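*Asks:* Sharing a model prediction with you, sequence too.
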Amino acid sequence: MADGSKFERAPKSGEIDAVVVGAGFGGLYMLHKLRELGLSVQGFEAGDGVGGTWYWNRYPGARCDVPSLFYSYTWDDALQKEWRWTEKYAAQPEILAYANHVADRHDIRPLIAFETRVLSATFDEAADRWVVVTDRGDELSARWLILATGCLSTPRAPAIPGVETFAGETYHTGAWPHEGVDFTGKTVAVIGTGSSGIQSIPQIAAQAKHVTVFQRTPNFSVPANNTPLTDKDIADFWKMYPDYIAMVKGPGMGFGGNPANALAATPEERRARFEEFWGVGGAGFLAAWGGIITDIEVNDEAANFVRGKIAETVKDPETARRLQPRDHPIGTKRICVDIDYFETYNRPNVTLVNLRESPIEAIEPNAVRTSEATYPVDALVFATGFDAMTGAILAIDIKGAGGAEIKQAWAEGPKAYLGLAIAGFPNMFIITGPGSPSVLSNMINSIEQHVEWIIGCIEHMREHGFTRIAADPEMQEKWVAHVRRVADKTLFPRAASWYMGANIPGKPRVFMPYIGVGYRKKCADVAAAGYEGFALAKEPSDVHAG
Ligand code: N01
């Protein structure tokens, strides 16, 4: 049992219908829907509260990059109407409060065992059940296992020589202390300039004595232009809500974007439109013109525009040059959304170190040493990201039919039919898994779609007395090939991004999310055809092709 646990309890055992791993937005809705269906369910959550990503990522400046009004569940109309977001882009505490509110409103908390990590899950073929074991001694047998483990939930810090000798405090943005951190009077090193670094650096710099940013790859970032939400904003949202719902329940948009042709426009027209989208702010900048993600010429126009904005904002030309991304097309690494990021480099207490020119050689007890200089520091902040999309799943010792190990099944990269189920691992579902739109979509919408699809599938199984559903390996291969083909038509594979697994040494380079159109329709069609591409069985020996 975890030391200092808030949750004393006896280990759980016996047979239930479903286990859900994770109590973020995916796990919460899944648990709610399973209970609504009359199933016996157990949720397991490593943290001591709900909220998933918003529970762990409490670093200063953590904020959603999807407008708050759209970052809400759509399944509870009364909740939608009652909950009042205060800002265009909600900050982490408000989103965590929302998750807690939902858990209380729907009494979901009693379904969850907190401070509990699932260690293993083994499929018992004789019973068509999963045996799930946790670090608190639980051993439950469940018909269905649902992994709501999140896409960015396994923080990773690089193995820099000497890091273990560092005498000051060390933090990771993805596992931030709940009590907060006071950097007043401190000299702080921040390593990493992805979304987490870009959001936290301005906040840390406003408090600390000095911040040295160690940047390996500069990133494209668009100002959030965050504002308080007014009554008019909310009234406007409700006016367009039916269209929004029609869109999110529709066939699935993919990464199409605006059809307007940048190359047919004059330079003045191009610039005016980029200015307009820059003024609105946020990730929607990538929709300024059609083809930003598929056509390198259009992409260059967008990238040049942003590089120009960086040069206009950052006063020191050398620092501006270092901050201008040149090694990947804009948008092919997750575009960042910031508040005063580039402006922060005009502060006298911020230094930027370009690790491409002077790599880190070692961390010393009170300093970071690069090939050119030694930087004394009191505190180290790793904003170095996550083992995305697969890390949390592979951290569980999952054995499917015939004892097949998930690590083996995914040795060449993650494979999942529709991003929902894995061949060889019956009765197991992933919420927003690799091969689904997931991290390239509004996560809340995708979570709802997956939860509802899984619920439909379980209802179908119960109605027909099926005890097993298993993805067909050939259909899975076809889907994985399709996911890759669609990605190859875009510029995404050109970046060494976490979408490609490129941030983890040794991780297979496969573009993990699905960016094609019509994903929702495809999932609905599969279900309507009696779960096409799945084999359904009433008993272990009785198999019906779906
Ligand atoms: O992580 P990242 P993140 N030495 O992987 C650098 C979501 N999110 O936590 O690019 C030095 O993007 C690495 O450098 P490089 C969002 O989807 C959303 O920032 O590998 N540096 C990079 O600069 C996002 O994309 C929000 O060369 C090293 C950084 O660390 C995702 O989470 C907010 C290094 C890691 O960037 C992940 O973002 C925050 C090393 N050895 C996060 N290793 C919202 O706004 C890595 N780096 C909602």
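*Replies:* Sure thing, it's come through. Residues are numbered from 1 along each chain as shown.

*Asks:* rest of the way, CA atoms for contacts and neighbours
*Replies:* OK.

*Asks:* Please give me every residue in contact with the closest residue to the ligand within the stretch 401-546 of the chain.
*Replies:* Per Cα to the nearest ligand atom, Asn503 is where the stretch 401-546 of the chain lies closest to the ligand, at 5.3 Å. For Asn503, the contact set (Cα atoms under 8 Å, 6 or more residues apart in numbering) comprises Asp387, Ala496, Ser497.

*Asks:* Go ahead and confirm the first one touches Pro158.
*Replies:* Okay, so that is Asp387. No - judged on Cα atoms under 8 Å, Asp387 makes no contact with Pro158 at a distance of 11.3 Å.

*Asks:* ok, back up a step: any idea which of the contacts of Asn503 has the most stuff around it?
*Replies:* Greatest neighbour count in these, by other Cα atoms under 10 Å, goes to Asp387: 23 neighbours.

*Asks:* show me where the stretch 51-200 of the chain has strands.
*Replies:* 112-113, 118-124, 129-134, 139-147, 169-172, 187-191 (DSSP state E, counting those that start in this stretch).

*Asks:* same question but for the stretch 401-546 of the chain, I mixed them up
*Replies:* 428-430, 468-471, 534-537, 543-545.

*Asks:* which stretch in the ones you listed has the least confidence?
*Replies:* Here the strands of the stretch 401-546 of the chain differ in mean pLDDT, and the lowest is strand 543-545 at a mean of 62.

*Asks:* residues from the chain in reach of the ligand?
*Replies:* Selection of the chain residues close to the ligand by Cα under 6 Å from any ligand atom yields 62-65, 158, 191-197, 215-217, 334, 383-386, 498, 503.

*Asks:* Drop anything exposed from these.
*Replies:* Buried by 16 or more other Cα atoms under 10 Å: 62-65, 191-197, 215-217, 334, 383-386, 498, 503, out of those.

*Asks:* that older thread, Gly400 is nearest to which of the strands of the stretch 51-200 of the chain?
*Replies:* Taking Cα to Cα, strand 118-124 is the member of the strands of the stretch 51-200 of the chain nearest to Gly400, at 5.0 Å.

*Asks:* Can you pull out the residues in contact with the closest one?
*Replies:* 21, 44, 129-135, 395-401, 403, 425-426.

*Asks:* Convert the C-alpha atoms of that strand to PDB, please.
*Replies:* Output of strand 118-124 as PDB, limited to C-alpha atoms (Å, rounded to 0.1, in the frame of the first residue of the first chain):
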ATOM      1  CA  VAL A 118      -2.900  -1.600 -12.000                       C
ATOM      2  CA  LEU A 119       0.200  -3.900 -12.300                       C
ATOM      3  CA  SER A 120      -1.100  -6.600 -14.600                       C
ATOM      4  CA  ALA A 121      -4.000  -7.900 -16.600                       C
ATOM      5  CA  THR A 122      -4.200 -11.400 -17.800                       C
ATOM      6  CA  PHE A 123      -6.900 -12.800 -20.100                       C
ATOM      7  CA  ASP A 124      -8.300 -16.100 -18.900                       C
END
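
*Asks:* All further residue positions should be reported with the first residue as 58.
*Replies:* Taking 58 as the first residue, the last one we looked at is strand 175-181.

*Asks:* Run me through the strand neighbours of that strand, direction for each.
*Replies:* strand 186-191 (antiparallel), strand 454-456 (parallel) (DSSP bridges).

*Asks:* deepest of those, which one?
*Replies:* strand 186-191 (a mean of 24; mean count of other Cα atoms under 10 Å).

*Asks:* I'd like to know how many residues surround the residue lying closest to Gly108 once chain neighbours are set aside.
*Replies:* Spatial nearest neighbour of Gly108, chain neighbours left out: Gly81 (4.3 Å); criterion: Cα to Cα, 6 or more residues apart in numbering. Neighbour count for Gly81, taken as other Cα under 10 Å: 23.

*Asks:* how far away is Gly81 from Leu286?
*Replies:* 25 Å (Cα to Cα, to the nearest Å).

*Asks:* hang on, the earlier thing: let me have the strands of the stretch 458-603 of the chain in JSON lines, extended by mean neighbour count and distance to Pro167.
*Replies:* Formatted as JSON lines, these follow (neighbours: other Cα atoms under 10 Å; distance: least, Cα to Cα, whole Å):
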{"stretch": "strand 485-487", "mean neighbour count": "25", "distance to Pro167": "22"}
{"stretch": "strand 525-528", "mean neighbour count": "26", "distance to Pro167": "28"}
{"stretch": "strand 591-594", "mean neighbour count": "22", "distance to Pro167": "32"}
{"stretch": "strand 600-602", "mean neighbour count": "14", "distance to Pro167": "36"}
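
*Asks:* State which helix of this structure is the longest.
*Replies:* Across the chain, the helix with the greatest residue count (assigned by DSSP state H) is helix 500-521.

*Asks:* So Thr489 sits against Leu477, correct?
*Replies:* Yes - here Thr489 lies in contact with Leu477, judged by Cα under 8 Å, at a distance of 7.0 Å.

*Asks:* Could you name every residue contacting both of those two?
*Replies:* His507.

*Asks:* Looking only at neighbour counts, state which of the two leads.
*Replies:* Of the pair Thr489 and Leu477, Thr489 is the one with more neighbours under other Cα under 10 Å, namely 30 against 24.

*Asks:* Endpoint to endpoint, stretch 520-537 covers what distance?
*Replies:* Termini of stretch 520-537 sit 30 Å apart (Cα to Cα).

*Asks:* what comes up buried for it?
*Replies:* In stretch 520-537, counting by 16+ other Cα under 10 Å, buried: Phe523, Thr524, Arg525, Ile526, Ala527, Ala528, Asp529, Pro530, Met532, Gln533, Trp536, Val537.

*Asks:* Flag the shaky bits of the stretch 458-603 of the chain, pLDDT-wise.
*Replies:* By pLDDT under 70, the weakly predicted segments of the stretch 458-603 of the chain are 597-603.

*Asks:* Helices along that one, start to end?
*Replies:* For the stretch 458-603 of the chain, the helices defined by DSSP state H, counting those that start in this stretch cover 463-466, 500-521, 530-545, 576-585.

*Asks:* what's the third one in contact with?
*Replies:* Outside of helix 530-545, the residues within contact range by Cα under 8 Å, 6+ apart are 472-475, 479-481, 492, 550, 567-568, 570-573, 590.

*Asks:* Pipe the strands paired with strand 175-181 into CSV and attach mean pLDDT per row.
*Replies:* Shown next, in CSV, are those (pLDDT from 0 to 100):
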stretch, mean pLDDT
strand 186-191, 98
strand 454-456, 98
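
*Asks:* OK, contacts around Gly481?
*Replies:* Under the criterion of Cα under 8 Å, 6+ apart, the contact list for Gly481 reads Gly457, Ala458, Ala461, Ala527, Ala528, Pro530.

*Asks:* Could you list the low-confidence segments of the stretch 258-407 of the chain?
*Replies:* 311-315.

*Asks:* same thing but 90
*Replies:* 307-319 (pLDDT under 90).

*Asks:* Which stretches in it count as strands?
*Replies:* Going by DSSP E, counting those that start in this stretch, the stretch 258-407 of the chain shows strands at 267-272, 278-280, 393-395, 407-411.

*Asks:* so which of those comes closest to Ser428?
*Replies:* Judging the strands of the stretch 258-407 of the chain by Cα to Cα, what sits closest to Ser428 is strand 407-411, at 10.9 Å.

*Asks:* Next, the angle from that closest one to strand 244-248.
*Replies:* Relative orientation of strand 407-411 versus strand 244-248 (axes from the mean of the first three to the mean of the last three Cα atoms, to 10 degrees): 40 degrees.

*Asks:* gap between strand 407-411 and the chain center?
*Replies:* Here strand 407-411 shows a centroid-to-chain-centroid distance of 28 Å under the convention Cα atoms, centre = their mean, to the nearest Å.

*Asks:* mind listing what it pairs with, with the direction of each?
*Replies:* strand 267-272 (parallel).

*Asks:* starting at the chain centroid, how far to the strand it pairs with?
*Replies:* 25 Å.
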